[in-house]
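Enquirer: Pasting the sequence and the predicted coordinates here, then a few questions.
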Amino acid sequence: MSLFKVNPEKCKRDDICVFECPALVIERIGTDAVPTPTAGADESCIGCGHCVAVCPHGAFEHRELHPDHCPPIEKEQHVGPEQLEYFLRARRSIRTYKEKPVEREKLVKLIDIARFAPTGSNKQTPEWSVVYSPGKVQTLSDMVIEWMQSVIVKKPDMAAELELQELVDIHKSGNDIICRKAPHAIIVHAPKQTGTPTEDGIIAMTYLELAAFSFGLGACWAGYLNFAINKWPPLKQALAIPEDHASIGALLIGRPKFKYHRLPLRNDPKIAWV
């Protein structure tokens with residue numbers, strides 16, 4: 001089939017799909033005509049699915065998206081502003097975990113949810129490396145320390161600025177400040193040459209972190225791990241991340257060892273109306 005087709009019996013000629021297409025590849029010419037692809041639509045379409053999702057009549061069928069395969073929006077599932085605010089305020093960065101592992105199926109589900117995060121031009125480039133074994137998570141922590149020790153020797157000024165010796169000393173004392181003895185770690189990475197790999201990966205990882213909280217799991221961004229992955233080739237190889245990819249974010253994940261009982265305050269936002 002062509003890029004898309006419109007059922008003339010279902011179409012109400014309301015031009016909603018025309019107005020909502022972000023790539024401007026849909027047009028309708030003539031009072032009684034149905035929408036058709038513009039010139040060059042095949043090359044310009046980003047496959048976002050807006051056209052199929054926004055049509056209230058189920059008249060629009062994209063080459064890659066049939067309306068019958070897209071679940072309908074259920075208004076009763078929507079979260080109200082108060083519920084959403086409470087959910088976001090109650091989320092905490094968890095750094096102490098139970099030893100009991102999280103089921104693989106739950107981690108897969110979290111990634112499945114995260115794939116619906118918005119990406120630049122709908123490129124959908126984020127990919128994932130899951131470190132499931134607690135022993136391997138600890139190995140990654142040790143490898144980050146190895147990288148830090150190499151920086152201390154080769155680039156002492158940089159090491160001093162980042163206070164790497166202090167971090168190494170803490171690690172040697174038995175406190176895992178890198179991976180927090182988390183049972184699992186998830187790394188999101190993407191090709192370096194895509195349009196917005198950093199933004200796409202961070203948004204996807206944020207989706208995953210919030211989804212983890214809804215599952216009763218705890219998560220924490222592992223900044224040292226993510227930074228070292230892009231600087232220390234052995235780490236990247238251990239995680240099977242392609243050479244042309246950049247690590248965008250690393251998340252520690254597990255079952256929280258403790259419960260939180262209050263919503264802490266934050267500074268008032270600084271807003272400039274311009």
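Expert: Structure received. Residues are numbered from 1 along each chain as shown.

Enquirer: secondary structure class for A250?
Expert: Of the three states, A250 takes strand under DSSP: H, G, I helix; E, B strand; the rest coil.

Enquirer: no, scratch that, I was asking about E61
Expert: Secondary structure, three-state DSSP: E61 is strand.

Enquirer: So what pairs up with it in the strands?
Expert: K5 (DSSP bridges).

Enquirer: Equivalent analysis for V131, please.
Expert: Judged by DSSP bridges, the bridge partners of V131 are A185.

Enquirer: quick one, what contacts it?
Expert: The contact partners of V131, taken as C-beta atoms under 8 Å, 6 or more residues apart in numbering, are V137, L140, H184, A185, I186, I187, L239. Placement of C-beta: from N, CA and C, glycine included.

Enquirer: go with 7 Å
Expert: V137, L140, H184, A185 (C-beta atoms under 7 Å, 6 or more residues apart in numbering).

Enquirer: if I read this right, the third one contacts Y132, doesn't it?
Expert: Yes. Counting by C-beta atoms under 7 Å, H184 touches Y132, with 5.7 Å between them.

Enquirer: avg pLDDT for the longest helix along the chain?
Expert: Looking across the chain with DSSP state H, the single longest helix is helix 134-154. Mean per-residue pLDDT for helix 134-154: 97.

Enquirer: got it, and stretch 44-61?
Expert: Mean predicted lDDT for stretch 44-61 stands at 96.

Enquirer: about what we covered before: got a winner among the contacts of V131 for most neighbours?
Expert: A185 (26 neighbours; other C-beta atoms under 10 Å).

Enquirer: that older thread, list the helices and strands the longest helix of the chain packs on?
Expert: Helices and strands touching helix 134-154, by 3 or more C-beta pairs under 7 Å, 6 or more residues apart in numbering; DSSP states H and E, are helix 156-162, helix 164-172, strand 184-191, helix 223-229, helix 233-238.

Enquirer: Many thanks, have a good one.
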